[in-house]
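*Asks:* Structure, please.
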Amino acid sequence: MRRRICEGAVSCLSARGYHGASIKQVVDAAGVSLGALQHHFPSKDDLVEATAEYLLSRSIKWFQRAKLNIDNDKDAFGGMIRRSWREQFTTEEYGALLEILVAARTNAGLQKRIAPKLDDWRVKIERELRDVLPANNADADRLEAILTIGRCMMTGLLVHDGLLGDEKRMRNVVDAWVHIATESPGQA
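*Replies:* Residues are numbered from 1 along each chain as shown. As a prediction, the model looks like this:
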């Protein structure tokens, strides 16, 4: 039931944004009663926190599964990042997460709830990607920088260029970033 409600919230957040999504719309999207939703999530912030946790958990599981299905060749990292762009960043789920993150930026109560979950997600994702990054880039500081730049770049690319709808340009930027991220330190 909780997952079903979170999935309904994902649809509403992605389509209407944080401020446009109402509890009534989530109830309708999830196909549950208002009482059932309120039993599990007494407030909108409770629902949004659980939805963020659900989405971040799905992302970690995605990386774990993707890691099992890649060849450990020199382009393993690049392949995983390209797949992540296609299968995670350009989805309704990421649109919903982006709405939550933007709302948490200016809502102190929501930020207090979301920030620890986001930090935990970051640590787990870095752990998953450490094994597929070329060995010459796998020291902790460089890995953290590469992945932080990647998240920022992909999020910004989705927000800015996604509005422009130029899919080919976005893929080219992701490819260029993968190339930069997998170069040996000092090589340019």
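*Asks:* Gly79 and Ile114, how far apart?
*Replies:* 30 Å (C-beta to C-beta, to the nearest Å). The way it works is simple: take the backbone N, C-alpha and C, and place the C-beta from them, glycine included.
*Asks:* repeat for Leu37
*Replies:* As for Leu37, its distance to Ile114 is 20 Å (criterion: C-beta to C-beta).
*Asks:* same thing with Ser59?
*Replies:* Look at Ser59 and Ile114: by C-beta to C-beta, they are 14 Å apart.
*Asks:* Strands of this protein, residue ranges please.
*Replies:* With strands called from DSSP state E, the chain shows none.
*Asks:* so where's it uncertain?
*Replies:* Low-confidence segments of the chain, defined by pLDDT under 70: 71-74, 134-138, 184-188.
*Asks:* residue contacts, the closest residue to Leu133 other than its chain neighbours?
*Replies:* The spatially closest residue to Leu133, leaving aside those adjacent along the chain, is Phe77, at 4.8 Å (C-beta to C-beta, 6 or more residues apart in numbering). By C-beta atoms under 8 Å, 6 or more residues apart in numbering, the contact list for Phe77 reads 129, 132-134, 178, 181-182.
*Asks:* From the residues you listed, pick the one nearest Arg142.
*Replies:* Leu133 (8.5 Å; C-beta to C-beta).
*Asks:* How many neighbouring residues does the closest one have?
*Replies:* Per other C-beta atoms under 10 Å, the neighbour tally for Leu133 reads 22.
*Asks:* quick one, what contacts it?
*Replies:* Counted by C-beta under 8 Å, 6+ apart, Leu133 has contacts 77, 143, 146, 181-182.
*Asks:* Run through the residues that contact the closest residue to Gly109 other than its chain neighbours.
*Replies:* Spatial nearest neighbour of Gly109, chain neighbours left out: Asp45 (6.2 Å); criterion: C-beta to C-beta, 6+ apart. By C-beta under 8 Å, 6+ apart, the contact set of Asp45 is 109-110, 113.
*Asks:* Can you flag the buried ones in those residues?
*Replies:* With neighbours counted by 16 or more other C-beta atoms under 10 Å, the contacts of Asp45 contain buried members at 110, 113.
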